[in-house]
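Engineer: The amino acid sequence is not available; the structure is as follows:
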């Protein structure tokens, strides 16, 4: 009985702490939503608050009037890049992981070293940029938004470790039964390495969704802007103009975007993920649990 | 069954990749579309077709997007037979970042630069030498852009960038830009001394304690007439020249008595609260405060009263801005009247055509109106006095960039006497004796990096009044010397003297 009571106290304390933490995390988002629903004049004069100052939908109206097409297009690009990128990246990563894991493949250590080497040394931005634009011609293509990230060496090693945990005897018996590498990879390794697959897919999906660097470097056609890049573009301008560097270019006064517009843009970027995440999370959790029980 | 599945999934993956690549290919369709827009027969006085890419910083407005594909494209095609493309990239990429990458990889484009970035890039051979084209391709702008502006972008007698803009900008940041509406509210008419400025702060602070005083941390120029009899002009954060003396002497700003006096004034401002306490850790907030009408004064330029009023009036509709000089009895100094300057990348196929395009921007009133304001009666209207009313808030080719006093149009809210004052702003100004000198930092690159570090860590807080001069300066000076400042100033003096003697 005493234990039950103790448990309950503990649970209540935990709930309280977690609730408090959640509130702290939620606060900036609430401020953003409230800011985007305020009027510019009152926001400028009185600052942010948890309830909108002078409730108004004008900012959203303005954003959708002037940028609706661009925002929609950017969403589409982001979704396509995330899905396509994750699918391709998982295929490439698991295939590489399989190659360096499988016993009997003569050059597997060499390939493992090749991948490992890029974790320690990289050519730097300039050679990367030249390779991407002059040789692979990835500039201004949809492929440019995911091909450079198809193999993340860290995730590849993560997956390789999952593969290594699969008993080699299973592979051997499949080989004795006449299975080739394709069959072993798709029918044995991938289903058994499911836990890893879920993890790296999640990492890749987040990476592709949040990325703006590839857009910044390789994309000039605004039809291919991702939603994160649109956001970054706006924030980068504000940061630069506020830092006083603009004095270098002749003391010009360049008006930064409106506060309310910044907040509306933030909400538009975050909202779909915030809405989708509780539903998606179920699958992620289930995927990981199923894997762990089997593993 | 299994084999089939494997092949199907592989096929799908390949298909996805191919679609992805080919989609991108389609998006690069712009060059083909251009042939429909231009009329090659009448175009550009028999010039060969050329392609130009202009990189601009900041966000592209929806109206700019439309015009860039239609009217701007057509007029450039017609005038100089070139297909023009505008690319907008974030401001953070200015003078580095992606601009550097594009230059280093030999892309064919043009964008704008300042003298510092020009010197660095020319040393690496990244800018095209535009000297051969200045006589022919830039003939109209030579008449509408000040001659001294061209000299500012020459290195070793060669023109590496073409200035754009021609606006009165002497005494940049030497005046105090005061919120005139607040000044009048507290029963004052004008400000002409430091004592009056502080009195203005005290009165407004009593009435509106929520407002901050000065929305910046650097007031060395606007306070100069108070703490010295010299007419100082800063070459960079460390070095200044005295424009009232007829010599080539470079002055070490931080080691001077003037700096000591100035930092004392700033310390007073900081302690009094004229510069808010958060300025030490959150400097960018100051400009936001200014823009949202929460500050009393700022550093002024000739154009700021009307350039800045538009931003502030969104938050404070009745805001009025006026420039005042404190105890001024010396001529204003000008660095040249340009806004900025265009450079062309070294690998550009046709640098001459780029210069022709720059020339178009400042050629005549008609073209200036088109590039700065758009299409008459659609994007803007003019009244009988030539005053402008814009029908869209979208900026086109940024107006701060093009601003040329020969062509600029004012809107109805700007009073006539302000326009007269603005146009006469440069009348008594002198051109800095250092205008056109560009320091080659190659011999003292390491020292420069180190002293810049010392500046932000030790000297800037003293200069802004956050730290006391007496207590902190000796240590800061020690660090500055240890970073190799003596070698730096010696090199600077050597190059400046050589240049000055040759001039």
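Structural biologist: Done, it's in. As the structure is a prediction and not an experimental result, all values here were calculated from the model. Numbering: from 1, shown residues only, chains lettered A, B, ... in the order given.
Engineer: Count residues in the vicinity of residue B:410, would you?
Structural biologist: By the criterion of other C-beta atoms under 10 Å in any protein chain shown, residue B:410 has 16 neighbours. All C-beta atoms are positioned from the backbone trio N, CA, C, and that covers glycine.
Engineer: what about the residue lying closest to it once chain neighbours are set aside, how many residues close to it?
Structural biologist: Nearest non-adjacent residue to residue B:410, counting by C-beta to C-beta, 6 or more residues apart in numbering or on different chains: residue B:419, 5.6 Å away. Neighbourhood size, residue B:419 [other C-beta under 10 Å]: 14.
Engineer: and residue B:419, how far is that from residue B:450?
Structural biologist: Residue B:419 sits 47 Å away from residue B:450, going by C-beta to C-beta, to the nearest Å.
Engineer: For my notes, confirm the residue nearest to residue B:410 occurs in a helix.
Structural biologist: Yes. Assessed with DSSP: H, G, I helix; E, B strand; the rest coil, residue B:419 lies in a helix.
Engineer: what does the helix or strand containing residue A:158 contact?
Structural biologist: Counting by DSSP states H and E, the element that carries residue A:158 is helix A:153-164. The contact list for helix A:153-164 (C-beta atoms under 8 Å, 6 or more residues apart in numbering or on different chains) reads A:93-94, A:96-98, A:100-101, A:112, A:115-116, A:118-119, A:189, A:193, A:195-197, A:199-200, A:203-204.
Engineer: With chain A as the reference, measure out to the residue nearest to residue B:410.
Structural biologist: Here residue B:419 is placed at a distance of 18 Å from chain A (C-beta to the nearest C-beta, to the nearest Å).
Engineer: Kindly report the same for residue B:483.
Structural biologist: For residue B:483 relative to chain A (C-beta to the nearest C-beta), the value is 23 Å.
Engineer: give me the number of residues near that residue?
Structural biologist: 21.
Engineer: Surely it is in contact with residue B:455?
Structural biologist: No. At 9.3 Å, residue B:483 does not count as touching residue B:455 under the criterion of C-beta atoms under 8 Å.
Engineer: average pLDDT across stretch A:18-38?
Structural biologist: Averaging pLDDT along stretch A:18-38 yields 90.
Engineer: any idea how far it is from the chain center?
Structural biologist: Centroid displacement of stretch A:18-38 relative to its chain, using C-alpha atoms, centre = their mean, to the nearest Å, is 21 Å.
Engineer: is any part of it close to chain B?
Structural biologist: No. Stretch A:18-38 does not reach chain B (C-beta under 8 Å from any C-beta of the partner chain); its nearest approach is 12.3 Å.
Engineer: Touching that stretch from outside, list them.
Structural biologist: With contacts defined as C-beta under 8 Å, 6+ apart, stretch A:18-38 is touched by A:43, A:48-57, A:59-60, A:259-260, A:262-264, A:266-267, A:270, A:274.
Engineer: Spell out which residues of the stretch 151-300 of chain B are next to chain A.
Structural biologist: Proximity of the stretch 151-300 of chain B to chain A, by C-beta under 8 Å from any C-beta, involves residues B:165, B:169, B:172-173, B:216, B:283-284, B:287-288, B:291-294.
Engineer: May I ask which of those has the most neighbours?
Structural biologist: With neighbours set by other C-beta under 10 Å, the maximum within those is found at residue B:165, which has 28 neighbours.
Engineer: so who does it touch?
Structural biologist: Contacts of residue B:165 by C-beta under 8 Å, 6+ apart are A:250, B:145, B:337-340, B:362, B:400-404.
Engineer: one step back: buried sites along the helix holding residue A:158?
Structural biologist: Neighbour-count burial for helix A:153-164, with 16 or more other C-beta atoms under 10 Å in any protein chain shown as criterion, is recorded at A:153, A:155-160, A:162-163.
Engineer: repeat for stretch B:278-286
Structural biologist: Neighbour counts using 16+ other C-beta under 10 Å place B:279-280, B:283, B:285-286 of stretch B:278-286 among the buried residues.
Engineer: same thing with stretch B:57-74?
Structural biologist: For stretch B:57-74, the neighbour count (16+ other C-beta under 10 Å) marks B:57-61, B:63-64, B:67-69, B:71-74 as buried.
Engineer: Strands of the stretch 251-400 of chain B, residue ranges please.
Structural biologist: B:295-300, B:321-324, B:333-334, B:340-344, B:380-382, B:388-390 (DSSP state E, counting those that start in this stretch).
Engineer: Columns mean neighbour count and mean pLDDT on top of those, output as TSV?
Structural biologist: Formatted as TSV, these follow (neighbours: other C-beta atoms under 10 Å in any protein chain shown; pLDDT from 0 to 100):
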stretch	mean neighbour count	mean pLDDT
strand B:295-300	25	92
strand B:321-324	21	91
strand B:333-334	22	87
strand B:340-344	25	93
strand B:380-382	15	90
strand B:388-390	14	86
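Engineer: how about the ones you listed in JSON lines, adding distance to residue B:426?
Structural biologist: Below are the strands of the stretch 251-400 of chain B laid out as JSON lines (distance: least, C-beta to C-beta, whole Å):
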{"stretch": "strand B:295-300", "distance to residue B:426": "14"}
{"stretch": "strand B:321-324", "distance to residue B:426": "13"}
{"stretch": "strand B:333-334", "distance to residue B:426": "6"}
{"stretch": "strand B:340-344", "distance to residue B:426": "18"}
{"stretch": "strand B:380-382", "distance to residue B:426": "26"}
{"stretch": "strand B:388-390", "distance to residue B:426": "22"}
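Engineer: Any idea which of those strands gets closest to residue B:226?
Structural biologist: Residue B:226 lies closest to strand B:321-324 among the strands of the stretch 251-400 of chain B, at 12.7 Å (C-beta to C-beta).
Engineer: Which strands and helices lie in contact with the closest one?
Structural biologist: Counting contacts by 3 or more C-beta pairs under 8 Å, 6 or more residues apart in numbering or on different chains; DSSP states H and E, strand B:321-324 packs against strand B:175-179, helix B:180-185, helix B:304-315.
Engineer: Buried deepest among these, which one?
Structural biologist: strand B:175-179 (a mean of 24; mean count of other C-beta atoms under 10 Å in any protein chain shown).
Engineer: For chain B, what's its nearest residue on the stretch 51-200 of chain A.
Structural biologist: Closest residue of the stretch 51-200 of chain A to chain B, C-beta to the nearest C-beta: residue A:141 (2.4 Å).
Engineer: buried set for stretch B:126-133?
Structural biologist: Going by neighbour count (16+ other C-beta under 10 Å), the buried part of stretch B:126-133 is B:126-130, B:133.
Engineer: Now do the helix holding residue A:158: distance to the chain's middle.
Structural biologist: Mean-position distance between helix A:153-164 and its chain equals 19 Å (C-alpha atoms, centre = their mean).
Engineer: Show the subsequent helix or strand relative to that helix.
Structural biologist: Following helix A:153-164 toward the C-terminus (DSSP H and E): helix A:168-176.
Engineer: Name the residues that touch that next one?
Structural biologist: Identification of contacts with helix A:168-176 by C-beta under 8 Å, 6+ apart yields A:102-103, A:183-184, A:187-189, A:192.
Engineer: Then stretch B:61-68?
Structural biologist: Residues from elsewhere that reach stretch B:61-68, judged by C-beta under 8 Å, 6+ apart: A:66-67, A:222, B:60, B:84-86, B:374-375, B:379, B:392, B:394-397.
Engineer: where does chain A have low pLDDT?
Structural biologist: By pLDDT under 70, the weakly predicted segments of chain A are A:1-2, A:41, A:44-45, A:66, A:239, A:241-258, A:280, A:282-295.
Engineer: ranges for the helices of chain A?
Structural biologist: Assigned by DSSP state H, the helices in chain A fall at A:2-36, A:40-46, A:58-101, A:108-120, A:125-130, A:153-164, A:168-176, A:181-183, A:190-192, A:194-210, A:213-218, A:227-242, A:259-294.
Engineer: can you put those in a markdown table and add distance to residue B:211?
Structural biologist: As requested, the helices of chain A are arranged in a markdown table below (distance: least, C-beta to C-beta, whole Å):
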| stretch | distance to residue B:211 |
| --- | --- |
| helix A:2-36 | 22 |
| helix A:40-46 | 11 |
| helix A:58-101 | 26 |
| helix A:108-120 | 53 |
| helix A:125-130 | 44 |
| helix A:153-164 | 51 |
| helix A:168-176 | 74 |
| helix A:181-183 | 73 |
| helix A:190-192 | 65 |
| helix A:194-210 | 39 |
| helix A:213-218 | 38 |
| helix A:227-242 | 19 |
| helix A:259-294 | 18 |
